[in-house]
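J.: show me the folded form of this:
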Amino acid sequence: MNNLKEIKLNADEVKITRAILKASFDMWMDIVDVDVVIVGAGPSGLTCARYLAKEGFKVVVLERHLAFGGGTWGGGMGFPYIVVEEPADEILREIGVKLIKIDDYYVADSVEVPGKLAVSAIDAGAKILTGIVVEDLIIRENGVAGVVINSYAIEKAGFHIDPLCIKSKVVVDATGHEASVLNTLIKKNKLNAEVFGEKSMWAEKGENALLRNTREVYPNLFVCGMAANAAYGGYRMGPIFGGMYLSGKLCAELITEKLRKQ
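T.: Now for the predicted structure:
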């Protein structure tokens, strides 16, 4: 015998639709003018967003796919763990990630890390949007002034539909190996510059190069994570992620310094 009481749910299709549209339009009206747009919700982008949001800046992270985390989810060749080294382990400890010490490294669950990193960025005040592609940049006399966006579904379908824009004081290219934002800037504006692309794997050199390559590459445009190594021809690292988190944190510190001076 079923002793559970019947629960009557109010499921009005029109009201459901109105609720989604109202919340969505309110959200878009709020984020069309922000402090920082981060393109790419991988390890460095999410880390950068978390630290910037903690400083009180209005931050939007745009991810073309429907899932955040970049290449973290797959771990190493599908085995669900990634590796971090000191002092990057401190960043993961801050957000409550469980770490296993093996030899000289710390091993972390490849699903737990992006989940907790995204939640910590959201809790700090950052907004993460998926399914959004950045197809161009807004340019002004003093440099980059925002991003030109479209639906990733529209892009994949090949429809010729005009985009919308988000204005920002700073844009971060955290798109990983492609460094797609920087490449778009150079190509569209015929700049005398080159994105060298990443070299073959050399984990130690690749990790250490990440911090040297994390910087402002054009007025108001920063690179972090693998986009930074791609920009300057750094080596790839594989499933060791410490430099990615440290690069995101350093990028946030550089942006904070820049914006505080304005």
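J.: let's verify the nearest residue to residue 186 once chain neighbours are set aside: helix, strand, or coil?
T.: Distances taken as C-beta to C-beta, 6 or more residues apart in numbering put residue 193 closest to residue 186, at 5.2 Å, once the chain neighbours are dropped. Placement of C-beta: from N, CA and C, glycine included. When classified by DSSP: H, G, I helix; E, B strand; the rest coil, residue 193 comes out as coil.
J.: how near is residue 193 to residue 14?
T.: Using C-beta to C-beta, to the nearest Å, residue 193 is found at 52 Å from residue 14.
J.: looking at these two, which has the bigger crowd around it?
T.: Per other C-beta atoms under 10 Å, whichever of residue 193 and residue 14 has more neighbours is residue 193, with 13 against 7.
J.: do you know the pLDDT at that one?
T.: Each residue has a pLDDT score; the one for residue 193 is 90.
J.: just residue 1 next, same as before
T.: Residue 1 carries a pLDDT value of 51.
J.: can you give me the strands in this protein?
T.: In the chain, the segments counted as strands under DSSP state E are 33-39, 59-63, 81-84, 99-102, 105-109, 127-130, 132-140, 143-151, 164-173, 199-201, 215-218, 221-223, 235-236.
J.: ok, and which of the ones you listed has the densest surroundings?
T.: For the strands of the chain, average neighbour numbers computed from mean count of other C-beta atoms under 10 Å are highest in strand 59-63, which has a mean of 27.
J.: next, the angle from that strand to strand 132-140.
T.: Counting by axes from the mean of the first three to the mean of the last three C-alpha atoms, to 10 degrees, strand 59-63 lies at 130 degrees to strand 132-140.
J.: if you average pLDDT over strand 59-63, what comes out?
T.: In this model, strand 59-63 has an average pLDDT of 98.
J.: so what touches it?
T.: Under the contact criterion C-beta atoms under 8 Å, 6 or more residues apart in numbering, strand 59-63 has outside partners 31, 34-41, 45-46, 49, 52-53, 68, 121, 125-134, 147, 149, 166, 168.
J.: pull stretch 194-210 out as PDB, backbone CA atoms only.
T.: Output of stretch 194-210 as PDB, limited to C-alpha atoms (Å, rounded to 0.1, in the frame of the first residue of the first chain):
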ATOM      1  CA  GLU A 194      52.400  35.800 -34.900                       C
ATOM      2  CA  VAL A 195      51.000  33.100 -32.600                       C
ATOM      3  CA  PHE A 196      53.800  30.500 -32.600                       C
ATOM      4  CA  GLY A 197      51.700  27.600 -31.400                       C
ATOM      5  CA  GLU A 198      52.700  25.100 -28.800                       C
ATOM      6  CA  LYS A 199      55.700  22.800 -29.200                       C
ATOM      7  CA  SER A 200      55.900  19.100 -28.500                       C
ATOM      8  CA  MET A 201      55.700  17.700 -24.900                       C
ATOM      9  CA  TRP A 202      58.300  18.700 -22.400                       C
ATOM     10  CA  ALA A 203      56.300  18.900 -19.100                       C
ATOM     11  CA  GLU A 204      58.900  20.700 -16.900                       C
ATOM     12  CA  LYS A 205      59.700  23.400 -19.400                       C
ATOM     13  CA  GLY A 206      56.100  23.800 -20.400                       C
ATOM     14  CA  GLU A 207      55.000  24.200 -16.800                       C
ATOM     15  CA  ASN A 208      57.600  26.800 -16.000                       C
ATOM     16  CA  ALA A 209      57.000  28.700 -19.300                       C
ATOM     17  CA  LEU A 210      53.300  29.200 -18.500                       C
END
